[in-house]
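A.B. asks: Please work out how this folds:
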Amino acid sequence: MGAPPRLTGLLLNLGHAIDHMFLLIFASAVGSIAADFGFARWEDLMPYGTGAFALFGIGSLPAGRLGDLWGRRRMMLVFFFGMGLAALAVALTQTAWQLAVALTLMGAFSAIYHPVGIPMLVRGSRRPGLTIGFNGLAGNLGVALAAVVTGFLVKYVGWRAAFVVPAFIAFACGALFAHVAPEEGVAPARRPVTNAMLPKRALAHVFAIVTVASISGSMLYNFTTNGNGELLRERLQGIVDDPASLGMLLALVYVAGALAQVAVGLLLDRVPVKLLYAGIVAAQVPLFLFAAGASGWALYALMIAFMIAVFGAIPFTDALIVRHVDDSMRSRVSGMRLAVAFGVSSLAVWALGPLVKAAGFRSLLFLMAGTAVVTLCVVLMLPRSRSAGLDGRTAGAG
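C.D. replies: Reported below is the predicted structural model:
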């Protein structure tokens, strides 16, 4: 079985958009939900979303194992229909703790996509870097949709509609995927090995670096995507106050960052991974530092720039797994990496509200600059590639 048919591939990319959109509806609507539930400040409700991001990480381990051993097509069907049901459950909640449980359920289903959908998409791809880049574009367009769609639905219908409308989109995608996705003749784990892999010690070295870099990179992703809406609201106060307009501005930030992932995908097939990865992470540091003291439109311009750098760094961990791990076990390896990285980085969602309440966004941006420095130090420990590109059969490490 080679690359998935075009419509199946499109639905797999839409699944990435759904995954990220659904997880960030809460962050985009947290102010309205907090007011509805009787909270004085949005920061006090934010920790109730921690379970979603914890399960988003921890659930990747069993999801990846089931993807390899039970089948990726089956797991993607569970993903689409499970995300829809979880979103409806969130819309029906009446208390903060009910909300926390429903969001955690959503996190469990959302954990399926990355270790299952991405390996399914890149299998047989002639240009895996570009495939990963477009997949990243789709995922982060989902982040943008969370901002703009939630902003409009909250303004004109209410925060519950912001979960109900996407739920039915997920159901429709699941029904279409069931119709068009070809049956898997055999589970991935039972397929013969097709790619040359690194020796176990070298593979463990790369896996450890990728996991640590994923933790720090995911911390930045969670801090920014969950906090940018309120950061814009604070720093553009008196300039733009309408929630729908703020949602549109935030969506444009995420679209710019998403487009950067396509450029990175193109370069991944041509430029040594370590050089490109380190350069993008290094750019994050001064951008966060400048943003700490900025306000108004200057802050908005810097937000576009630092989100380009944050989103631009995302494809590398998947690219390294494609390069060094055979398809027969990619879901399990991805699941292990994601369980650690996303599980630990979920602490960023828990800490975001209390940190901003106690010290403000300035301190948060300084913390993100320090986190980027940690990521850079780890990336510089990657082995030097002997050749550019992501073809694991020709590229090695030295």
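A.B. asks: From here on, just use CA atoms for contacts and neighbour counts.
C.D. replies: Noted.
A.B. asks: secondary structure class for the residue lying farthest from the centre of the chain?
C.D. replies: Distance from the centre of the chain peaks at Gly238, with 31.5 Å (CA atoms, centre = their mean). Of the three states, Gly238 takes coil according to DSSP: H, G, I helix; E, B strand; the rest coil.
A.B. asks: Phi and psi next, for it.
C.D. replies: Backbone torsions of Gly238, given as degrees, to the nearest 10, read phi 90, psi -10.
A.B. asks: Might you report the residue contacts of it?
C.D. replies: Gly238 is in contact with no residue at all, counting by CA atoms under 8 Å, 6 or more residues apart in numbering.
A.B. asks: what do you get for the one 5 residues further on?
C.D. replies: When contacts are counted by CA under 8 Å, 6+ apart, Pro243 touches 151-152, 155.
A.B. asks: Output those in JSON lines; the columns should cover secondary structure, distance to Met219 and neighbour count.
C.D. replies: Shown next, in JSON lines, are those (DSSP: H, G, I helix; E, B strand; the rest coil; distance: CA to CA, whole Å; neighbours: other CA atoms under 10 Å):
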{"residue": "Gly151", "secondary structure": "helix", "distance to Met219": "24", "neighbour count": "26"}
{"residue": "Phe152", "secondary structure": "helix", "distance to Met219": "28", "neighbour count": "19"}
{"residue": "Lys155", "secondary structure": "helix", "distance to Met219": "30", "neighbour count": "15"}
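A.B. asks: What is the nearest of these to Gly335?
C.D. replies: Gly151 (32.6 Å; CA to CA).
A.B. asks: which non-adjacent residue is nearest the closest one?
C.D. replies: Nearest residue to Gly151, sequence neighbours excluded (CA to CA, 6 or more residues apart in numbering): Ala244, at 4.6 Å.
A.B. asks: And the one you found, how far from Leu176?
C.D. replies: According to CA to CA, to the nearest Å, Ala244 and Leu176 sit 31 Å apart.
A.B. asks: Between the two, which has more neighbouring residues?
C.D. replies: Neighbours were counted for Ala244 and for Leu176 using other CA atoms under 10 Å; Ala244 has more, 20 against 15.
A.B. asks: quick check, the more buried one in a strand?
C.D. replies: No: going by three-state DSSP, the assignment for Ala244 is helix, not a strand.
A.B. asks: wait, the residue nearest to Gly151 sits on Ala146?
C.D. replies: No: under the criterion of CA atoms under 8 Å, Ala244 is not in contact with Ala146, lying 11.7 Å apart.
A.B. asks: now the helices for the stretch 101-250 of the chain?
C.D. replies: Secondary structure of the stretch 101-250 of the chain (DSSP state H, counting those that start in this stretch): helices at 113-122, 128-156, 161-180, 200-235, 243-268.
A.B. asks: could I get these as JSON lines with mean pLDDT?
C.D. replies: Formatted as JSON lines, those follow (pLDDT from 0 to 100):
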{"stretch": "helix 113-122", "mean pLDDT": "88"}
{"stretch": "helix 128-156", "mean pLDDT": "83"}
{"stretch": "helix 161-180", "mean pLDDT": "95"}
{"stretch": "helix 200-235", "mean pLDDT": "83"}
{"stretch": "helix 243-268", "mean pLDDT": "83"}
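A.B. asks: Where does the prediction get shaky in the stretch 1-150 of the chain?
C.D. replies: 1-4, 124 (pLDDT under 70).
A.B. asks: ok, Leu105 - contacts?
C.D. replies: Contacts of Leu105 by CA under 8 Å, 6+ apart are 52, 55, 86.
A.B. asks: Just the element for the last one, please.
C.D. replies: Same thing as Ala86. Assigned by DSSP states H and E, Ala86 belongs to helix 72-91.
A.B. asks: got any ranges where the stretch 251-398 of the chain has weak pLDDT?
C.D. replies: For the stretch 251-398 of the chain, applying pLDDT under 70 flags the ranges 327, 384-398.
A.B. asks: go with 80
C.D. replies: Across the stretch 251-398 of the chain, the ranges flagged by pLDDT under 80 are 268-271, 317-330, 333-334, 336-350, 383-398.
A.B. asks: quick one: the helices in it?
C.D. replies: In the stretch 251-398 of the chain, the helices defined using DSSP H, counting those that start in this stretch lie at 273-292, 296-312, 315-324, 330-345, 347-379.
A.B. asks: Out of these, the one nearest Val262 is which?
C.D. replies: If you check each of the helices of the stretch 251-398 of the chain against Val262 by CA to CA, helix 296-312 wins as the nearest, at 8.6 Å.
A.B. asks: what residues are up against the nearest residue to Leu252 once chain neighbours are set aside?
C.D. replies: For Leu252, ignoring the flanking residues on the chain, the nearest one in space by CA to CA, 6+ apart is Ala144 at 7.0 Å. By CA under 8 Å, 6+ apart, the residues touching Ala144 are 21, 250-255.
A.B. asks: Just the buried subset of the residues you listed, written out for PyMOL, thanks.
C.D. replies: To isolate the buried members of these in PyMOL, using 16 or more other CA atoms under 10 Å:
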select buried, resi 21+250+251+252+253+254+255
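A.B. asks: Same list (the contacts of Ala144) but as TSV, adding distance to Gly185.
C.D. replies: Putting the contacts of Ala144 into TSV (distance: CA to CA, whole Å) gives the following:
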residue	distance to Gly185
Met21	32
Leu250	43
Ala251	40
Leu252	42
Val253	42
Tyr254	38
Val255	38
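A.B. asks: which among the contacts of Ala144 gets closest to Ser60?
C.D. replies: Distance to Ser60 across the contacts of Ala144 (CA to CA) is lowest for Met21, with 17.8 Å.
A.B. asks: Which strand or helix spans that closest one?
C.D. replies: Using DSSP H and E, Met21 sits within helix 6-36.
A.B. asks: So which bits of that helix are buried?
C.D. replies: Buried residues in helix 6-36 (16+ other CA under 10 Å): 8-9, 11-34.
A.B. asks: got the buried residues for the next helix or strand after that helix?
C.D. replies: Where DSSP H and E defines the elements, the next helix or strand beyond helix 6-36 is helix 42-45. For helix 42-45, the neighbour count (16+ other CA under 10 Å) marks 42-43, 45 as buried.
A.B. asks: by contact count, what packs against helix 42-45?
C.D. replies: On a contact count with 3 or more CA pairs under 8 Å, 6 or more residues apart in numbering; DSSP states H and E, helix 42-45 meets helix 6-36, helix 347-379.
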